[in-house]
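Task: produce atomic coordinates for the following.
(2 chains)
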Amino acid sequence: MRCPPASSLIRLTAATGTFPEIPFFDLRVEEEDLEAVAETLRSGWLTMGPRTEKFEGMFADYVGARHAVAVSSCTAALHLAYLGAGVGEGDEVIVPAFTFAATAAAAIYCGGTPVFADIPGKHDLGIDPEDVESKITDRTKAVCAVHFAGYPAPVERLRAICDERGIALIEDAAHGPGATIDGRHIGTFGLASCFSFFSNKVLSVGEGGMLVTDDDELAARARRLRSYGMTSGTWARHSGATITYDVTELGYNYKLDEPRSAMLMSRLARLDRDLARRRELIMIYRRSLSEMDGLTLPYRDEDVATASGYVMPILLDDPDFQREFRARLRERHGVQTSVFYPATHTFTAYRERYKDVSLPNTELASRTEVTIPLFSHLTDEDQMRVIEGIRDSLK
Amino acid sequence: MSWRVPLAKLEIPETDVQAVLDCLRSGWLTMGPRTNDFEQQFAAYVGSPHAVAVNSCTAALHLSCIAAGLGPGDEAIVAGMTFVSTPNAVRYTGATPVLCEIGGPEDMNIDVADVERRITPNTKAVLAVHFCGYPAPVLELRELCDAHGLVLIEDAAQAVAATVDDSGRRTGTVGDLACFSLFSKNQLPVGEGGMVTSANEELVAKVRSLRSHAMTSVTWDRHRGYADTYDVVDVGYNFRLDEPRAALALSRLPRLDESIESRRALARTYRRELAGLDGLGFVWDDAAVEAASHFAFPVLLPDRQARDRFRERLQELGVQTTWYPAIHQFTDYTQTFGELSLPKVEEAADRHAALPMSSGFSAEEAQIVVDAVKQAIAAELDAAA
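Down below sits the predicted model:
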């Protein structure tokens, strides 16, 4: 987005803030998406109903799972997945800290405790199975693996570790979908997995999420819990399937609505094409940036073809350069960057609750990571500006 | 099935559609300028200094309960006649909801005297519900809460723009916090959405922080270069609204008064056309109809069996109805809190049925409902004869 959106609503001056010339993510809504939303709005039915059901079916087919349950966010999906894994008071959930705070927060929602595991190092920013293994206790109920930046985490190995001990594996596939391991989609290796449709994701709608599982009972329970623990929903009553309901468990309002499902369906049809372009851009970045001194590119060239290409992380070699490097890119070159991620265990809320957590690899990565612009309609010309900006800012 | 008259009807005119499409074309969907603008306009509309947009009224209630300081060991007194989200929100915090009585089948709102009886040293808050859009006695509750140092939360999910006194003071301005719903069936519908209003800046800051994972900056701030990173200072949630829904709400807000007036006109029609039917009663009175914002229109039948037959007959005639079960009788509640006796709530739950109510109904549709109700009542009398 070059131009400020909805200019009449914005009161910005140069002195207080500026929009980036090249943002680190950008979302483009195509004409067919607009049609899908307009048609839904005109129908007058906005509550979770036939469109959401259809989108769930399409999404389940896309990843190759039995069930997909649409929810209001990936955070909501994580909450329901942990509940589905039986996480409750006093239970522990092993999570990476090199991710968004929701992965840990959802364990706390259940009354559980997040136990943080480290990442393997600067070449692999996913969860380290050896560290996971060392942190398993009698209270461990689940392990949550994040497919960082859309590069598959070692879920087969984690699954084996978990199965051996009767622990549930949950996949935080917020950075998916579309990544695969030997042709099998991420999100199909755990007991349940969670996807995000937040604005900056590869499949985006604003706010939204999805829980995916092959477990019939877990899916049925997630469906009830997203809708207050009720035994029937508004659409079922409107369509005459039932005329009343019971509430059988403490539930939530985690419902998606029809306009968002309609837009997601429209966008899902283009997802593979978008991912192909993302991978192409990543390979161009990798070829140019790998020749520069002062930075490291995580993962390998051959990993890109099966990744979703959610974001493009680079790691600076100098541990004290992150802020300055980002300021140079923004101020000299108009390039917006982000940090994926400030480590969860270092946030005030977590430091206060869980003292003395030490994750050296995560902490170093947090201090040196810079996320550079990546979105499917990034032009070759703009990408070249980013690359040259990085070259200049490294000096 | 296809209803001749469904419970509610939602019409989204082309101006609303275009507002949403404009927002989508802008490419900025994450909570930002439109949400800010909607919050300000909503606050002004309600007459409250602050409004915070969230993704549902359930989320609004949850965050309000946290902001009120509820936690394990605390009690909150909750109107017994409501949707299950009201007491659930108390439970999310670890506190215990204490369900209380209502006036009776003819006044389904919270009974202030019963609230007073249920206050214990553990009571921290009272959650009053403006049921069906009819204002609860929140001014009396305000005095009671002040006298006992309790937080008053208004559940105004069903009652945006109802009035609590003769001066036209609106619901959502009396409690320390008030929660509104933007659900599809409500007066200001966007699909899923909610709102918190409050005059207390500290409570507002807490709600604002917790709706977005207690992050010290949001995506929109970082996009504009106001912040380059963030801290997480509490265990928060993702309860954000997004821009397309804020755009829809902004587009509809100027028509809200008109929409409520149309609902009120339908309520008046029902009361006029159905008055004096043997075996059919009304809830509340004509004065309450003027003060209410009319989320739903409940009528009373003699007992549960008669109510169920009434609903079945209306269903056969193509008219959709609903009813609110007593929360303390849900399986989850009897299992968690044991058997509870709230005779007035139970009687009201058993005897009421809510007729179709929304702003989009034509005179013909109103007539279909009126005729169907008369027919169902006549059939009941025939069967009894």
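
quick one: contacts for B:Ala68?
Residues near B:Ala68 by Cβ atoms under 8 Å, 6 or more residues apart in numbering or on different chains: B:Ala76, B:Lys124, B:Ala125, B:Val151, B:Ile153, B:Asp176, B:Leu177, B:Leu203. In short, each C-beta sits where N, CA and C put it, glycine included.

could you dump those residues to JSON lines with secondary structure and distance to chain A?
Output for the contacts of B:Ala68, formatted as JSON lines (DSSP: H, G, I helix; E, B strand; the rest coil; distance: Cβ to the nearest Cβ, whole Å):
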{"residue": "B:Ala76", "secondary structure": "strand", "distance to chain A": "15"}
{"residue": "B:Lys124", "secondary structure": "strand", "distance to chain A": "20"}
{"residue": "B:Ala125", "secondary structure": "strand", "distance to chain A": "19"}
{"residue": "B:Val151", "secondary structure": "strand", "distance to chain A": "22"}
{"residue": "B:Ile153", "secondary structure": "strand", "distance to chain A": "17"}
{"residue": "B:Asp176", "secondary structure": "coil", "distance to chain A": "22"}
{"residue": "B:Leu177", "secondary structure": "strand", "distance to chain A": "18"}
{"residue": "B:Leu203", "secondary structure": "helix", "distance to chain A": "19"}
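
In JSON lines: these, plus distance to A:Gly389 and pLDDT.
Output for the contacts of B:Ala68, formatted as JSON lines (distance: Cβ to Cβ, whole Å; pLDDT from 0 to 100):
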{"residue": "B:Ala76", "distance to A:Gly389": "54", "pLDDT": "98"}
{"residue": "B:Lys124", "distance to A:Gly389": "54", "pLDDT": "98"}
{"residue": "B:Ala125", "distance to A:Gly389": "53", "pLDDT": "98"}
{"residue": "B:Val151", "distance to A:Gly389": "52", "pLDDT": "98"}
{"residue": "B:Ile153", "distance to A:Gly389": "51", "pLDDT": "98"}
{"residue": "B:Asp176", "distance to A:Gly389": "50", "pLDDT": "98"}
{"residue": "B:Leu177", "distance to A:Gly389": "47", "pLDDT": "98"}
{"residue": "B:Leu203", "distance to A:Gly389": "44", "pLDDT": "98"}
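
Please name the spatially closest residue to the residue nearest the centre of chain B (chain neighbours excluded).
Taking Cα atoms, centre = their mean, the centroid of chain B lies closest to B:Ala157, which sits 2.0 Å from it. In space, and not counting its chain neighbours, B:Ala157 is closest to B:Ser181: 3.8 Å by Cβ to Cβ, 6 or more residues apart in numbering or on different chains.

Quick check: pLDDT value at the one you found.
On pLDDT, B:Ser181 comes in at 98.

Burial check on it, number of neighbours?
By the criterion of other Cβ atoms under 10 Å in any protein chain shown, B:Ser181 has 30 neighbours.

for the one 3 residues further on, same thing?
A count of nearby residues for B:Ser184, using other Cβ under 10 Å, gives 22.

Cross-check the contact I'm expecting between it and B:Leu10.
Yes. Using Cβ atoms under 8 Å, B:Ser184 is in contact with B:Leu10, at 6.0 Å.

residues shared between the contacts of these two?
In contact with both B:Ser184 and B:Leu10: A:Trp45, A:Leu46, using Cβ under 8 Å, 6+ apart.

Can you report phi and psi for residue 322?
Just going to use chain A. phi -50, psi -50 (degrees, to the nearest 10).

My question was about chain B, not that one.
Torsion angles, degrees, to the nearest 10, at B:Thr322: phi -150, psi 180.

Return the distance of it relative to chain A.
Distance, B:Thr322 to chain A, using Cβ to the nearest Cβ, to the nearest Å: 7 Å.

ditto for B:Glu364
Using Cβ to the nearest Cβ, one obtains 18 Å as the distance from B:Glu364 to chain A.

Quick one: list the elements packing against the helix or strand containing that residue.
B:Glu364 belongs to helix B:363-384 when assigned by DSSP states H and E. Here helix B:363-384 touches helix B:256-273, helix B:304-316, going by 3 or more Cβ pairs under 8 Å, 6 or more residues apart in numbering or on different chains; DSSP states H and E.
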